[in-house]
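**Student:** let's see this in three dimensions:
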Amino acid sequence: MNIRDLEYLVALSEYKHFRKAADACHVSQPTLSGQIRKLEDELGILLLERTSRKVLFTQSGMLLVEQARKILLEVQIFKEMASNQGKEMSGPLHIGVIPTLGPYLLPCMLPVLEQDFPELELYLYEAQTQSLLEKLEMGQLDCAILVQVPETAGFIEVPMFKEEMMLAVSPKHQWAKERSLPLSVLKDHEILMLDDGHCLREQTMDYCFTAGAHENGHFKATSLETLRNMVAANTGVTLMPKLAIINEGNRQGVEYIPFNDPAPYRSVILVYRPGSPLRARYERIAKMIQAVVMPILT
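**Tutor:** A predicted model of the protein is given here:
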């Protein structure tokens, strides 16, 4: 038995599919399947109920998967401690970022990060909040850049910046020439929103429902770019975070209108596991991101 066998076991529990688990572990399906069988032989128990349709874990298998997760997390902490014995800002760094931030934040952040900390070996992962937090908890990520939500409370939260949200409308819309608007103007209007799973959707809904607006039930977008294109087609209005406007707002077909104070916003944070020995590394990265973004937003 070795650490790699435990990684195979955990991956299989996540994907419930041999080929997908093998792809995630960067090995062939026969290799992963063979190692799982060897692990069963070594332990003297059945971990799986093998059927032609899906993978089912036995009760013993599920218990061992949970223990394997804990072991892999401790291994990750061990590696972090070893990394911290050398240069603080060197070695591999696995960063997660949510899709409504990644396309707009990373182009600003990465050149500075690579310039200031050239010995860091960066690995970037884009996923929705829940997926990133699960990967962070299991040790598959070192830290994540996302928006503060109740689910992040179990991690160390490093505040970076507050990002204002503006109203996006078509040039043909009745509000297109307005210089600013109160949030209350949205009362009884339909708002285009992102699909379930995006934290920006929940925040948009909170602001809009407080103002008396309601969701357009005929459409849900998977990205901000889809929302932007729908607005340009004059099919509705939406709320757009400022970074997405600054970097992409020069395209024709959409007007962006700020709200009067208090303007809606989202709090962008960097999170990492409590007890991580690389706290100083994450704090420095958060400060660097803050220094890059704040001049852009103001």
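**Student:** how confident was the prediction at Glu248?
**Tutor:** Note for Glu248: predicted pLDDT of 61.
**Student:** ditto for the one 5 residues further on
**Tutor:** As summarised for this prediction, Gly253 has a pLDDT of 85.
**Student:** for Gln85, same thing?
**Tutor:** Value listed for Gln85 in the pLDDT field: 53.
**Student:** my guess is Gln140 is in a helix, correct?
**Tutor:** No. The assignment for Gln140 by DSSP: H, G, I helix; E, B strand; the rest coil gives coil, which leaves it out of any helix.
**Student:** just give me the neighbour total for it.
**Tutor:** Look at Gln140: counted by other Cβ atoms under 10 Å, it has 20 neighbours. Every residue, glycine included, has its C-beta placed from N, CA and C.
**Student:** again, but for Asn260
**Tutor:** 11.
**Student:** roughly how far apart are it and His218?
**Tutor:** 29 Å (Cβ to Cβ, to the nearest Å).
**Student:** which helices and strands does the lengthiest helix in the chain pack with?
**Tutor:** Among the segments of the chain that qualify as a helix by DSSP state H, the longest is helix 59-84. Packing partners of helix 59-84 (3 or more Cβ pairs under 8 Å, 6 or more residues apart in numbering; DSSP states H and E): helix 3-15.
**Student:** and the helix it packs on, what's buried?
**Tutor:** Asp5, Leu6, Glu7, Tyr8, Leu9, Val10, Ala11, Leu12, Ser13, Glu14, Tyr15 (16 or more other Cβ atoms under 10 Å).
**Student:** I'd say the fifth one and Val65 touch.
**Tutor:** If I follow you right, that is Leu9. Yes. Counting by Cβ atoms under 8 Å, Leu9 does reach Val65; the two are 6.0 Å apart.
**Student:** stretch 205-213: how far from the chain's middle?
**Tutor:** 24 Å (Cα atoms, centre = their mean, to the nearest Å).
**Student:** pLDDT of it, averaged?
**Tutor:** Mean predicted confidence for stretch 205-213 is 89.
**Student:** in it, what counts as buried?
**Tutor:** For stretch 205-213, the buried set under the neighbour-count rule, 16+ other Cβ under 10 Å, comprises Met205, Tyr207, Cys208, Ala211, Ala213.
**Student:** then stretch 38-52?
**Tutor:** Buried-residue list, stretch 38-52, by 16+ other Cβ under 10 Å: Leu39, Glu40, Leu47, Leu48.
**Student:** closest one to Met230 out of those residues, please.
**Tutor:** Leu48 (44.9 Å; Cβ to Cβ).
**Student:** show me what contacts the closest one?
**Tutor:** Shown in contact with Leu48 (Cβ atoms under 8 Å, 6 or more residues apart in numbering): Leu12, Ile36, Glu40, Val55, Leu56, Phe57, Thr58, Gly61.
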